[in-house]
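Student: okay, sequence plus prediction incoming.
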Amino acid sequence: MLEFLRSDIVDLTAYTPHPGGEMKTPLDRLDTNESPYDLPPELKEKLAWTYQNTLETNRYPDGSHAALKAAIAQYASESAGGLVSLKPDQISVGNGSDELIRSLLIATCLNSACSILVATPTFSMYGILAQTLGIPISSVSRKPDTFAIHLGEAEYALEQNPLIRVVFVVHPNSPTANKLTPDEIAWLRRLPSQLLVVIDEAYFEFSGETLLSELDEHPNWIILRTFSKAFRLASLRVGYAIAHPQLILALEKIRLPYNLPAFSQGAALLALENRQDLLGCIGTIQQERDRLYQALQQFPQLRVWPSHANFLYLRLQDAIAAHYPQSQLLDDLKAQGTLIRHTGGGLRITVGTPEENNRTLEHLKSCLGC
Ligand SMILES: Cc1ncc(COP(=O)(O)O)c(C=O)c1O
């Protein structure tokens, strides 16, 4: 059947986020690292007003994203402590940062036999999108205690495979929540300029860590960010890339002309205008993350790692996992009402509201019999 399809696409496992359709029981959705807080009602009202009064649905949206790029350039410059002064021509906006990842793969590796380097476990979309484009992936491992990249392995992979053209890192990494170490950053600085270095800062607002101030010195670096996490706009799909204007120009050539609906552009602009209010809950999320971390450390059955993001990564101790697999724990938690993610050989739990986090702890206690 459907012989015209590429066999690698037929065999590919799709990314499956939230369970779709109607959920029988309401679940605490702690599986995709969203903010637990919706936009405040007054901002939704403003957005609705903009929609009703200024947005012409019969017209295409602004395909240049001019206003949004200017606002992002200003916010991103501020976010680097005023150490940089970005211009709109250093910004490209995508339908989620997923779109930008795909554009980067098209711009660098498609049809050229080149490949990408990732250190697993990491964000799975780099690999999935590369596979959909037929781009080979070189994987290196991370140190089991800290999840720092095995730099020796990475250097060896680059030596052995001159066709690697892009290196993907996440700062802090998903699902393991560790930020880049000084050694890893020093390695990125040493990478030759013919390699593209993608630094995904999707969780920047939770970590406060960015490499933006070094971008000028490294025209082969690109930083990705998103409105899906701290800015609470996951449903509207807005991500952005910051890089040298020539690299940005390549992304602009590849994207679809009207890749971002007017409503999404309006929402991202509104979120930036109201950033102080919206980012006001970051402190609460960080406190809740630390409370959850302390509480999870008290479970003898679990090993939990420190986090610089809005999620925690943990694994069942081997002795427990031998007779109670992590996939079973995932299902049992779901049956109790807490949805988390099983990925990279462990379990990733998004930090929710204090009530959701209390329920996560109760459900874990009940599943683990403590
Ligand atoms: C590291 C990382 N990058 C990118 C994304 C995707 O972000 P977006 O919603 O902007 O496509 C995610 C989403 O979970 C992520 O964890």
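Tutor: Structure received.
Student: got the contact list for the least confident helix or strand in the chain by mean pLDDT?
Tutor: Here the helix or strand of the chain ranked lowest by mean pLDDT, DSSP states H and E is helix 7-11, holding a mean of 90. Under the contact criterion CB atoms under 8 Å, 6 or more residues apart in numbering, helix 7-11 has outside partners Leu2, Gln131, Thr132, Gly134. Glycine gets a C-beta too; all of them are placed from N, C-alpha and C.
Student: including pLDDT, secondary structure and distance to Tyr313, could these go into TSV?
Tutor: As requested, the contacts of helix 7-11 are arranged in TSV below (pLDDT from 0 to 100; DSSP: H, G, I helix; E, B strand; the rest coil; distance: CB to CB, whole Å):
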residue	pLDDT	secondary structure	distance to Tyr313
Leu2	88	coil	38
Gln131	95	helix	24
Thr132	96	helix	26
Gly134	95	coil	31
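Student: which among the residues you listed count as buried?
Tutor: Gln131 (16 or more other CB atoms under 10 Å).
Student: closest one of the contacts of helix 7-11 to the ligand?
Tutor: Of all these, the ligand sits closest to Thr132, with 14.9 Å by CB to the nearest ligand atom.
Student: export stretch 288-304 as PDB, just CAs?
Tutor: The C-alpha trace of stretch 288-304 is given here as PDB (Å, rounded to 0.1, in the frame of the first residue of the first chain):
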ATOM      1  CA  GLU A 288       8.200  25.100  42.900                       C
ATOM      2  CA  ARG A 289      10.900  23.400  40.900                       C
ATOM      3  CA  ASP A 290      13.300  23.500  43.800                       C
ATOM      4  CA  ARG A 291      10.500  22.300  46.200                       C
ATOM      5  CA  LEU A 292       9.700  19.400  43.900                       C
ATOM      6  CA  TYR A 293      13.400  18.600  43.600                       C
ATOM      7  CA  GLN A 294      13.800  18.500  47.400                       C
ATOM      8  CA  ALA A 295      10.700  16.400  47.800                       C
ATOM      9  CA  LEU A 296      11.700  13.900  45.100                       C
ATOM     10  CA  GLN A 297      15.100  13.400  46.600                       C
ATOM     11  CA  GLN A 298      13.400  12.000  49.600                       C
ATOM     12  CA  PHE A 299      12.100   9.000  47.500                       C
ATOM     13  CA  PRO A 300      14.600   6.200  47.900                       C
ATOM     14  CA  GLN A 301      13.300   4.600  44.700                       C
ATOM     15  CA  LEU A 302      14.200   7.600  42.600                       C
ATOM     16  CA  ARG A 303      17.300   9.300  41.300                       C
ATOM     17  CA  VAL A 304      16.600  13.000  40.500                       C
END
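Student: so what pairs up with Ser341 in the strands?
Tutor: Let me fix one detail, which is that residue 341 is Arg and not Ser. Taking DSSP bridges as the rule, Arg341 bridges to Arg348.
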